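Q: Give me a model of this one.
(2 chains)
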Amino acid sequence: MLRLQGVRKRFGHLEVLKGIDLEVEKGEVVCILGPSGSGKSTLLRCINLLEPPEEGRILLEGRDICKGPESGTGEESWELNYVRQRVGLVFQQFNLFPHRTALENVTMAPERVLDRPKAEARAKGTELLTRVGLADKLDEYPERLSGGQQQRVAIARALAMDPHVMLFDEVTSALDPELVKEVLDAIRELSREGMTMVVVTHELGFARDVGDRVVFMDDGVIVEEGPPAQVLDEPREERTRKFLGLMLER
Amino acid sequence: MNEIIEQYFDVSQMSKNFDEVLNGFLITLELALLATVLALIWGLILALLRQLPGKPLLPVRFLTIGYIDVFRGVPLLILILLISGSLAFLPLPKELTIPHWLGKPDNFWYGIMALVLVYGAYYAEVYRAGIEAVPGGQMEAARSLGMSHSQAMRHVVVPQAVRKVIAPMLNEFTALLKDTTLVSVIALNEVALVGRDIQSKSFNSSALTLGAIFFLIIVLPLARIVDRLIARERARTSRGGTPEVLHH
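A: Numbers count the residues shown, from 1 in each chain, chains lettered A, B, ... in the order given. The predicted model follows:
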C-alpha cells in the first residue's frame, strides 16, 4: 500500500529524516511514537508531499510519487494530485477554514477538486459529520465548536476526499484532556472499518489498542518497530525504554 | 481674529459659491471612488502575482515587487504630469492615449490612471499583509485536500485576508480621496481647482475652506468606522479565531 525507502529530508543544515524505511499494508494501523523533534511530523508531511523529501522513494499503491528533485523544478515534478486525492492528512491544529461552516469545510474540496455536484457533496458531508457525531453542528462556524468537535470536523473533511490512506499528525495534542477521547474514538471507528492509517501520537494506550504496529522514531531514524505489546512492554532499544519511561511519568 | 474668520470662514462667500464647490467636490468623489475600485482590483492582481509559488515564477515575483516599490516611491504629482503631458504623443491607439470614455474628459482619465498606478501598489502591500496574516496552516490544509495553489488562494486564503484588510483599506481610501486634489494641476474642475479660482477672484479663501469641510464630512465618520472594525476584528481573534493581528 505504502512503502518508504531511504527517505531523507533536510531543512538547511538540519537533517530531519536520515533515511526512513517503512512499509504499511492495506488496512493496517501504524502508530508512530517518539520525542518531539524526532521527525515524526516531517515524515507524515513527506508522505503527503507538503514537504517533498530530498532523497529516497515513496511508493503509494505501487506508484513512485517522488520523481526526485532532479527531474524538474517546482512542485510540478511531484505527483501532487495523485497523492493528495489518495492521502488524507489531519493536523494537530485542526486548520479548519474559519470563514466556512462545518459542512462547507467538508464539502469544499469535493466540490472544487473532484467536481462533485453540490447536492451530492452535501449529502456525503452530512453523512460523514453524522458519523463523527456532529449531525447537529452542520451549520456552525468553527469558532463556535470545541477543540474536539473541530478536530472531528477536520477528520470528516479529510474523509470526504475518499482517501486510501489517512495520516494523523498528533491530532489530540492541542486538545484539553477531556476532549481527547471523542477524537480517538472517531479514529478507532475508522480502523474498525479497515482504513489504512499512519498515526503520530503520544497516546500510548491508543497505540496499544488500535495500532497493528508501533514504530519508535528518534533523531530522524526509526529506532525500532513491532507489534504494540512488544515495543511498548519489552522494548529492545535503550532509547525506546528511556522515552517510554518518561511518557509513563507524565 | 476677525481677519481669520473673514478670510477662511466667511459664510456669505461659502453660500454664494456653495453649488460650484459642491459640484467640484462631487467630481473629486467620482474620481476617488472609480480610482479606488480599479486600484482594489489592480492591487489584488499584484498581490497574487507576488505570492505565486515555485522557482519558474521567480521573474514574475521579481517584476511585481519592482513595480510595487517604484510606484510607491514616485510622487503622485509627478506621475500625473508625466501621464498628462506625454501620453498623447505615444504611438498607441488614440482611444488609449486621449481617452474620453463614459463622456469624461481626458484629464479625468489621466488622473484615474495615475491614482490607480500608485494606489494599486499601495493596495498590493495591504493585501499582502492580509494574506500573510492568514496562518500558513490554512494553505497547507487546502493543499492537502488536493486544491491547487490558485484554488486555495481563491477559496481559502483571500476570503480571510480580505476580512482582515477592510480597516486598512478604508484608511487608504481616505489618503486617496485627499490625494485626488492633486489632479487639479491638470485643469480638472475638481474641488481644489474650483476653490482656487474663486480664491484668486475674490481674494478670500472661504470657498476652499468649504471644500475642506466637505472632505471632513466624508473622512471623519470613516475614521470612527475604522476604529470599530479594528475593535471587532480584535474581539474576534481573542475569541480564538485567527491569532494574527494586522499592522499596517
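Q: buried residues in stretch B:38-47?
A: B:38-40, B:42-44, B:46-47 (16 or more other CB atoms under 10 Å in any protein chain shown). All C-beta atoms are positioned from the backbone trio N, CA, C, and that covers glycine.
Q: Extract the C-alpha trace of the one helix or strand in chain B whose mean pLDDT sits lowest and format it as CSV.
A: Among the helices and strands of chain B, helix B:94-97 carries the lowest confidence by mean pLDDT, DSSP states H and E, at a mean of 80. Provided in CSV are the C-alpha atoms of helix B:94-97 (Å, rounded to 0.1, in the frame of the first residue of the first chain):
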residue,chain,number,x,y,z
LYS,B,94,-5.8,57.4,-29.7
GLU,B,95,-8.7,55.9,-27.6
LEU,B,96,-6.0,54.9,-25.1
THR,B,97,-3.8,58.0,-25.2
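Q: tell me the average confidence for the next helix-or-strand element following it?
A: Using DSSP states H and E, the next helix or strand after helix B:94-97 towards the C-terminus is helix B:106-133. Averaged over helix B:106-133, pLDDT sits at 92.
Q: quick check, helix B:106-133 touching chain A?
A: No: residues of helix B:106-133 are not located near chain A by CB under 8 Å from any CB of the partner chain, the shortest gap being 12.4 Å.
Q: Give me the next element, helix or strand, following the one helix or strand A:Leu190 maps to.
A: Assigning secondary structure by DSSP H and E places A:Leu190 in helix A:177-192. Downstream of helix A:177-192, the next assigned helix or strand under DSSP H and E is strand A:196-200.
Q: Go through that following strand and flag the buried ones.
A: In strand A:196-200, counting by 16+ other CB under 10 Å, buried: A:196-200.
Q: Identify, from those residues, the entry nearest to chain B.
A: Distance to chain B, by CB to the nearest CB, is smallest for A:Val198 among the buried residues of strand A:196-200, at 13.8 Å.
Q: What pLDDT does the model give residue 185?
A: Looking at chain A here, since you left the chain open. 92.
Q: my question was about chain B
A: Reading off the model, B:Val185 has pLDDT 83.
Q: do the same with A:Gly68
A: In this model, A:Gly68 carries a pLDDT of 51.
Q: contacting residues for A:Val106?
A: If a contact means CB atoms under 8 Å, 6 or more residues apart in numbering or on different chains, then A:Val106 has A:125, A:128-129, A:153, A:156-157, A:160 as its contacts.
Q: Of the buried residues of stretch B:38-47, which belong to helices?
A: B:38-40, B:42-44, B:46-47 (DSSP state H).
Q: Pipe the residues you listed into JSON lines and attach pLDDT and distance to chain A per row.
A: Converted to JSON lines, these look like this (pLDDT from 0 to 100; distance: CB to the nearest CB, whole Å):
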{"residue": "B:Leu38", "pLDDT": "96", "distance to chain A": "26"}
{"residue": "B:Ala39", "pLDDT": "95", "distance to chain A": "24"}
{"residue": "B:Leu40", "pLDDT": "94", "distance to chain A": "19"}
{"residue": "B:Trp42", "pLDDT": "97", "distance to chain A": "24"}
{"residue": "B:Gly43", "pLDDT": "95", "distance to chain A": "21"}
{"residue": "B:Leu44", "pLDDT": "94", "distance to chain A": "17"}
{"residue": "B:Leu46", "pLDDT": "96", "distance to chain A": "21"}
{"residue": "B:Ala47", "pLDDT": "94", "distance to chain A": "18"}
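Q: who does the spatially most central residue of chain A bridge with?
A: Closest residue to the average C-alpha location of chain A: A:Leu167 at 1.8 Å, with CA atoms, centre = their mean. With DSSP bridges applied, A:Leu167 shows beta-bridge pairing to A:Leu89, A:Val198.
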